[in-house]
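Chemist: Okay, predicted coordinates and the sequence, questions at the end:
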Amino acid sequence: MAKIDFHIAKRSLTGWEDECGDTGVAVVSDDQCFVALVDVLGHGKEAYDVALIAEKYLLENYHLNLIEIIKGLHEHLKGTRGAVAALCRINLNDGVLLYSGIGNINTRVLSSRNLILMPRDGIIGYMSSSPKERQLKLYSGDTLILTSDGVKEHINFGDYPELLKGSANEIANNMLDLFSKGNDDSSCIVLRYGI
Ligand SMILES: [Mn+2]
């Protein structure tokens, strides 16, 4: 089974932990790792409250298939301001990564390759959209990075040769230090595969 190192970093725009509308979930169970990044629309206390609802839903339902999770979360968040989210499940035996995303969360696999996993448009809990699942294979040395739209989207990782060399914790925090836009909550999940 592949070893992994992962970390969730998030910062609210205001600096208060209970005013962050971004949240991340990571669960390792048996030979699988589930990670999800959620960005509730807007920011502040109201967004934080919805983020907690989404977080709880994901922690209770992470074992379902990704499409079911997104559909369930959509129902669960109806009546709220809505959210965008990206979900990944990684099989630690063969490196197969399943991905499904709705809305503006940036999901990348970096290594020798530089892959971007494209979400479908929509807002979970508000504007229904039919989620799609995509599959790819992770190889030893790959780094999966999810960022909310409070983080710059176009990053030339070649300009930051040291960035991907740290632990998941260091990479996630450096991503926010370097690339937070400063006008929204910002968050980043980093998962290093096969270290
Ligand atoms: Mn945002």
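Modeler: That came in fine, so what should we check first? These figures come from a predicted structure and were not determined experimentally.

Chemist: counting contacts, what elements does the helix-or-strand element of the chain with minimal mean pLDDT pack onto?
Modeler: Lowest by mean pLDDT, DSSP states H and E among the helices and strands of the chain is strand 114-117, with a mean of 93. Contacts defined by 3 or more CB pairs under 8 Å, 6 or more residues apart in numbering; DSSP states H and E place strand 114-117 against strand 106-110, strand 134-137. C-beta here means a position set from N, CA and C on the backbone, and glycine is covered the same way.

Chemist: pLDDT value on the residue nearest in space to the middle of the chain, please?
Modeler: The residue lying closest to the centre of the chain (CA atoms, centre = their mean) is L37, at 2.9 Å. On pLDDT, L37 comes in at 98.

Chemist: if we can go back for a sec, give me whichever of the helices and strands packed on strand 114-117 is most buried.
Modeler: strand 106-110 (a mean of 21; mean count of other CB atoms under 10 Å).

Chemist: That one near the ion at all?
Modeler: No - using CB under 5 Å from the ion, strand 106-110 never reaches the ion; the gap is at least 10.9 Å.

Chemist: residues making contact with the longest helix that the chain contains?
Modeler: What stands out as the longest helix in the chain, according to DSSP state H, is helix 45-61. For helix 45-61, the external contacting residues (CB atoms under 8 Å, 6 or more residues apart in numbering) are 12, 18-23, 25, 27, 36, 38, 40-41, 68-69, 72-73, 76-77, 80-81, 83, 85, 87, 185.

Chemist: returning to that earlier point: how about the helices and strands packed on strand 114-117, which one is nearest D31?
Modeler: strand 134-137 (15.0 Å; CB to CB).

Chemist: Where does the prediction get shaky in the protein?
Modeler: Filtered on pLDDT under 70, the chain yields no residues whatsoever.

Chemist: Okay, helices next: where are they in it?
Modeler: 45-61, 66-76, 168-179.

Chemist: What residues does this structure have near the ion?
Modeler: 39, 148-150, 184.

Chemist: which one of those residues is nearest A2?
Modeler: Using CB to CB, the residues of the chain next to the ion come closest to A2 at S148, 26.2 Å.

Chemist: how many neighbours does the residue nearest to that closest one when sequence neighbours are not counted have?
Modeler: Distance criterion CB to CB, 6 or more residues apart in numbering; nearest residue to S148, sequence neighbours excluded, is D39 at 4.2 Å. Residues lying near D39 (other CB atoms under 10 Å) number 31.
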